[in-house]
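Student: Sharing a model prediction with you, sequence too.
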Amino acid sequence: MDQAPGPRRSNALSLHVPAPRARPGDKPDFSGWSFPEPGATPRPDIDAPAFELRDYAYGLVRVLDMEGNALGPWAPHLSPDAMRRALKHMLLTRAFDERMHRAQRQGKTSFYMQSLGEEAIAVAAGMALSPDDMCFPSYRQQGLLIAREYPLIDMMHQIYSNARDPLKGRQLPIMYSSKRAGFFTISGNLATQLPIAVGWSMASAYSGDMRIAAAWVGDGATAEGDFHSAMTFAAVYRAPVIINVTNNQWAISSFQGIAGGDNTTFAARGIGYGVPPLRVDGNDFLAVYAVTQWAAERARANLGPTLIEHFSYRGGPHSTSDDPARYRPADEYRCWPLGDPIERLKQHLVSIGEWSEDQHRAAQEDAAETVRATGREAEKIGTLTEGAHPRSSMFDDVYKDLPWHLRQQRDESGS
Amino acid sequence: MAIMSMIQALNSALDTMMGRDPNVLTFGEDVGYFGGVFKVTEHLQQKYGARRCFDAPISEGGIAGTAIGMAVYGLRPVVEIQFADYMYPAYDQLVSEAAKIRYRSAGEFTVPLTVRMPYGGGIFGGQTHSQSPEALFTHVAGLKTVIPSTPYDAKGLLIAAIEDDDPIIFLEPKRIYNGPFDGRRDRPVVPWSKHDASEVPEGHYTIPLGKAAIVREGADCTILAYGTMVHVALAAAEESGIDSEVIDLRTLVPVDIETIVKSVSKTGRCVIVHEATRTSGYGGELSALVQEHCFYQLEAPIERVTGYDTPYPHALEWEYFPGPSRVIKAMRRVMEAA
């Protein structure tokens, strides 16, 4: 139809298209949001039936208050050493992101994605899971590799697609893969990793293994059919898997309401499947650690899957390819009511006398220096533009053995 | 040796592999207790237990995705998509994941998965139970596509597929599950027991992937076919009186180019037969390959006999189905040319 229809009748239907509260130029608006008090949410037994856990879908598990106190039954009682390690992992993740984002701007690679503001989600899982549990990440869980102490330089080699890139220059930067680190090869099209994670965990159960699987998906990609099929299979076969939804409010320029977040929570998706739904403050390291530990214990006890919604905020752009100032208020991140994950864990360690401003500054500088030094080493091997991989390598690993038609194409390519 | 239909041969392949390898398991819609709507998995749940042969939710994307996860773990899952027409929700998993995981992880993660799908028409299945989607798979780098045409081949190829370390799309021509249909629907159905290739060994054997079979030798015209169309091509060869060589490709990717080139170089004429729609069908690829490899030996333009570029029409199924008469016409055209 070329023209809008004529005057509308009073009882005419109208199409609803959700819109965020604030766009560029507007004041950030988080009014009307209410969260349970830190420490106020009870911690259920790991064998609680899913139907008794429905309220968790609409609450928020919080341990740290905004003064740095760890409160309530979810407090994981980590040793100061473990918490200092967590803080250092998060600082390293942030320093790494900062440098690699800049490296893309300098033309050393084609693409980068930071996890600014979401570091606790991956680092806490990386520490709460067993080292041999299998992770099926989306693209913003670099903190898992850092928490598992995967070599930083190999991450850089991958980002630079240089001669030491473990993935031989085949994958978009940050789409890491490491069997040794229990980190499944990242796919660029979203949510496909979820049914795969469920299947992997079913195979682990089938084989009488001890390992569980954990997967991550963004709020936006929960709208994919794969989220639904993963939840269905996980519930039906009581798969030992944790499905994490990182609700960072934004899917590129679309706010979480476009994925249905205005009508309910993402955790509440679990209720319909009979999967325990936990909703957690994703910027609270201790709370993320505690719910991951709960879900992992439940899975290991053959009690099946858990859906966890990590409520957070994407501090940076979606990737190096977008400018968030064009679709959301520039200061929205600074106004996020649940603070910054690094600051909050730091505050806690300081408040219990296990950390100081000086130590924090030194740790920050240490992280930055580690990244700088590693970056220099990686760049010595090469960056994207330097063509490190022989043309013939393009034809390897399509199949286990090279079939005749690929051999012919390889020969034709002149390699 | 036992006399088996294609269904029994496929069942025997699964039974053989589940008996030999605890990492082999099978699931799909109605696959467990009921044994599958075509009975290919019959008795396997009773024999191996529900953990090794079970029912799946009606979710082809979930079936493919979870099977990929199992294969990544190290199992060798064999899943059934009840009809190939139902595979579209699984396509993303097969194309974006199964086909690419080895490549994108530089060989660290692999997907030794077999996806079985009954395909093809001639059963009055209408447009959602009749399609031949092989070209949607042969176009995807990283997948292998296999189609048997006899019980003997079905078992040997399925075992080879299960043992293969790459993801395999295993398309089963359901029109010939119970007998070698030659495309003449006015004639009584001949059961497999009347056919030599229904003699199937009980135990383990394989037919290598990527190897075609010359099912009829001839000097004047080569017919390239697979699945049900092999039998249609054989009928056409007999009825036409043209001394034709019929090649059953058996594996579409990687295709057995040597056998094709050798035959067409000898006959100088080539007719390609498939049931799938024509445009961008696998016959286009075959035609291009023959042209590239045999141009100077060709005596006539290559002919394609295929389904029409329409959805599978229920009531006009036999107008759509490329039966022996259409194949014979194409054979006459290549024989009369130049």
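Tutor: Good, I have the coordinates.
Student: Need the residue closest to the centroid of chain B.
Tutor: residue B:147 (1.8 Å; Cα atoms, centre = their mean).
Student: The residue of the stretch 151-300 of chain B found nearest chain A: how many residues sit nearby?
Tutor: The nearest approach of the stretch 151-300 of chain B to chain A comes at residue B:254, 3.6 Å away (Cβ to the nearest Cβ). Quick note: C-beta positions are derived from backbone N, CA and C, even for glycine. Neighbours of residue B:254 under the rule other Cβ atoms under 10 Å in any protein chain shown: 20.
Student: for the chain, what spans make up the helices?
Tutor: All of this is about chain A. Using DSSP state H, the helices of chain A run over A:80-105, A:119-128, A:142-147, A:152-160, A:193-206, A:225-236, A:269-273, A:285-300, A:341-351, A:357-381, A:404-412.
Student: Wait, chain B was what I had in mind.
Tutor: Going by DSSP H, chain B shows helices at B:6-20, B:44-48, B:60-73, B:91-92, B:101-104, B:134-138, B:151-163, B:228-240, B:257-267, B:282-294, B:317-320, B:324-336.
Student: Report pLDDT for residue 217.
Tutor: You didn't pick a chain, so chain A it is. At residue A:217, the pLDDT value in this model is 98.
Student: You answered for a different chain; I wanted chain B.
Tutor: 98.
Student: how much space between it and residue B:247?
Tutor: As judged by Cβ to Cβ, to the nearest Å, residue B:217 and residue B:247 stand 10 Å apart.
Student: what do you get for residue B:254?
Tutor: Relative to residue B:247, and taking Cβ to Cβ, residue B:254 is found at 15 Å.
Student: ok, now residue B:111?
Tutor: Counting by Cβ to Cβ, the gap from residue B:111 to residue B:247 is 30 Å.
Student: so what's the residue nearest to the centre of chain B up against?
Tutor: With contact taken as Cβ atoms under 8 Å, 6 or more residues apart in numbering or on different chains, residue B:147 is in contact with B:134, B:170, B:171, B:172, B:173, B:226, B:227, B:249, B:250, B:251, B:252.
Student: Take those and keep only those in strands.
Tutor: Among the contacts of residue B:147, the members falling in strands are B:170, B:171, B:172, B:173, B:251, B:252 (criterion: DSSP state E).
Student: can you list those in a markdown table and add pLDDT and neighbour count?
Tutor: A markdown table is the format used below for these (pLDDT from 0 to 100; neighbours: other Cβ atoms under 10 Å in any protein chain shown):
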| residue | pLDDT | neighbour count |
| --- | --- | --- |
| B:170 | 99 | 25 |
| B:171 | 98 | 26 |
| B:172 | 98 | 25 |
| B:173 | 98 | 25 |
| B:251 | 98 | 24 |
| B:252 | 98 | 26 |
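Student: Relative to residue B:125, which of those is nearest.
Tutor: residue B:173 (12.7 Å; Cβ to Cβ).
Student: Looking at residue B:217 and residue B:247, which is more packed in?
Tutor: residue B:247 (24 against 11).
Student: show me the contacts for that one.
Tutor: Each residue near residue B:247 by Cβ under 8 Å, 6+ apart is listed here: B:212, B:213, B:214, B:215, B:222, B:223, B:224, B:225, B:259, B:260, B:263.
Student: List only buried entries from those residues.
Tutor: B:212, B:213, B:215, B:222, B:223, B:224, B:225, B:259, B:260, B:263 (16 or more other Cβ atoms under 10 Å in any protein chain shown).
Student: partner residues bridging the fifth one?
Tutor: Read it as residue B:223. For residue B:223, the beta-bridge partners under DSSP bridges are residue B:246, residue B:271.
Student: hang on, it packs against residue B:273?
Tutor: Yes: judged on Cβ atoms under 8 Å, residue B:223 makes contact with residue B:273 at a distance of 6.2 Å.
Student: residues shared between the contacts of the two?
Tutor: B:233, B:327.
Student: Spit out the contact partners of residue B:41.
Tutor: Contacts of residue B:41 by Cβ under 8 Å, 6+ apart are B:11, B:14, B:26, B:28, B:31, B:32, B:35, B:53, B:80.
Student: any idea how far residue B:209 is from whichever residue of the stretch 301-415 of chain A sits closest to chain B?
Tutor: Nearest residue of the stretch 301-415 of chain A to chain B: residue A:403, at 3.6 Å (Cβ to the nearest Cβ). To residue B:209, residue A:403 is 10 Å away according to Cβ to Cβ.
Student: who touches both of these two?
Tutor: residue B:254.
Student: Write out the residues of the stretch 101-250 of chain B neighbouring chain A.
Tutor: Applying Cβ under 8 Å from any Cβ of the partner chain, we find that the stretch 101-250 of chain B lies next to chain A at B:101-110, B:141-142, B:144, B:164-166, B:210.
Student: rerun that using 10 Å as the cut-off
Tutor: B:101-113, B:141-144, B:164-167, B:209-210 (Cβ under 10 Å from any Cβ of the partner chain).
Student: Which among those residues count as buried?
Tutor: Buried by 16+ other Cβ under 10 Å: B:101-106, B:108-113, B:142-144, B:164, B:166-167, B:209-210, out of these.
Student: now the strands for the stretch 51-200 of chain B?
Tutor: Remark: strands assigned in the stretch 51-200 of chain B by DSSP state E, counting those that start in this stretch are B:53-55, B:76-80, B:114-119, B:144-146, B:168-173, B:199-200.
Student: Ok, which of the ones you listed comes nearest residue A:164?
Tutor: Going by Cβ to Cβ, the one of the strands of the stretch 51-200 of chain B nearest residue A:164 is strand B:144-146, 31.4 Å.
Student: now for the closest one, which elements pack on it?
Tutor: If contacts are counted by 3 or more Cβ pairs under 10 Å, 6 or more residues apart in numbering or on different chains; DSSP states H and E, strand B:144-146 sits against strand B:114-119, helix B:134-138, helix B:151-163, strand B:168-173, strand B:251-253.
Student: Dump the ones you listed to JSON lines, plus distance to residue B:231.
Tutor: Converted to JSON lines, the helices and strands packed on strand B:144-146 look like this (distance: least, Cβ to Cβ, whole Å):
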{"stretch": "strand B:114-119", "distance to residue B:231": "15"}
{"stretch": "helix B:134-138", "distance to residue B:231": "17"}
{"stretch": "helix B:151-163", "distance to residue B:231": "12"}
{"stretch": "strand B:168-173", "distance to residue B:231": "9"}
{"stretch": "strand B:251-253", "distance to residue B:231": "17"}
